[in-house]
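Q: below is the sequence, then the predicted model.
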Amino acid sequence: MEIERKEISGLIEFFPKTFGDSRGFFIESFHSERYSKILGPINFIQNNMSSSIRGVLRGLHFQKPPFAQGKLVSVIQGSVLDVAVDLRKNSPTFGQHEKVILTGEKKNQFWIPEGFAHGFVALEDNTIFCYKCTNYYHPDSEETILWNDRTLNIDWQIDNPVISDKDKYGLIFSNFETPF
């Protein structure tokens, strides 16, 4: 397995080894011992999956402590532009973001630890997105930062995304007090 540590500390892109032949492919999408050597002790306790048409934007979401989540995200089918925003107040990269293209073809993964807001936009119809989470979903702890906040200046590479009402009315970053 190859890894690429991103410019923002804590963010890592994984490239699991794929074995393919005329029948298809095999990939070991998670191996606790291997990932723990890179991330430290890790315990995924919830898996989530979503399906999106092209142009659906989900995010920027996070859960406040003590229900914060680390996420290992990947795409089974299709592709996304995936974004992580640093919410760690003592981080030199607070308020900065990192973008990764995840595809079913590349089978790459993106590790987003606690202390980050996360979102993505589907680049293709029938995109299937998977999340391995280190904590359970806790609706009362979930927060949303406005996806197109001018302070964050994220280029989502899309003009008119399809977004939920919750995501239309996210927090303004300049008024946001981070819990991390």
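A: Yes, it's here.
Q: can you pull up the most central residue in this structure?
A: Central residue of the chain (CA atoms, centre = their mean): His118, 4.8 Å from the mean position.
Q: output the contacting helices and strands for the host helix or strand of that residue.
A: Under the criterion of DSSP states H and E, His118 resides in strand 116-122. Using 3 or more CB pairs under 8 Å, 6 or more residues apart in numbering; DSSP states H and E, the elements in contact with strand 116-122 are strand 57-63, strand 71-77, strand 79-86. Placement of C-beta: from N, CA and C, glycine included.
Q: for that strand, which strands pair with it and how are they oriented?
A: strand 57-63 (antiparallel), strand 79-86 (antiparallel) (DSSP bridges).
Q: which among these is found nearest to Pro179?
A: strand 57-63 (8.8 Å; CB to CB).
Q: off-centre distance for that closest one?
A: Centroid separation between strand 57-63 and its chain, computed with CA atoms, centre = their mean, to the nearest Å, is 9 Å.
Q: list the buried ones in that strand?
A: Leu57, Arg58, Gly59, Leu60, His61, Phe62, Gln63 (16 or more other CB atoms under 10 Å).
Q: contact partners of the helix ranked longest in the chain?
A: Scanning the chain for the helix with the most residues, using DSSP state H, yields helix 32-39. Outside helix 32-39, the residues within contact range by CB atoms under 8 Å, 6 or more residues apart in numbering are Met1, Ile3, Ile12, Phe14, Ile42, Gly70, Leu72, Trp111, Pro113.
Q: in contact with the residue nearest to the fourth one when sequence neighbours are not counted, which residues?
A: Of all residues not flanking Phe14 in the chain, Gln109 sits nearest, at 4.2 Å (CB to CB, 6 or more residues apart in numbering). Applying CB under 8 Å, 6+ apart to Gln109 gives the contacts Glu13, Phe14, Phe15, Pro16, Ser29, Leu72, Val73, Ser74, Leu102.
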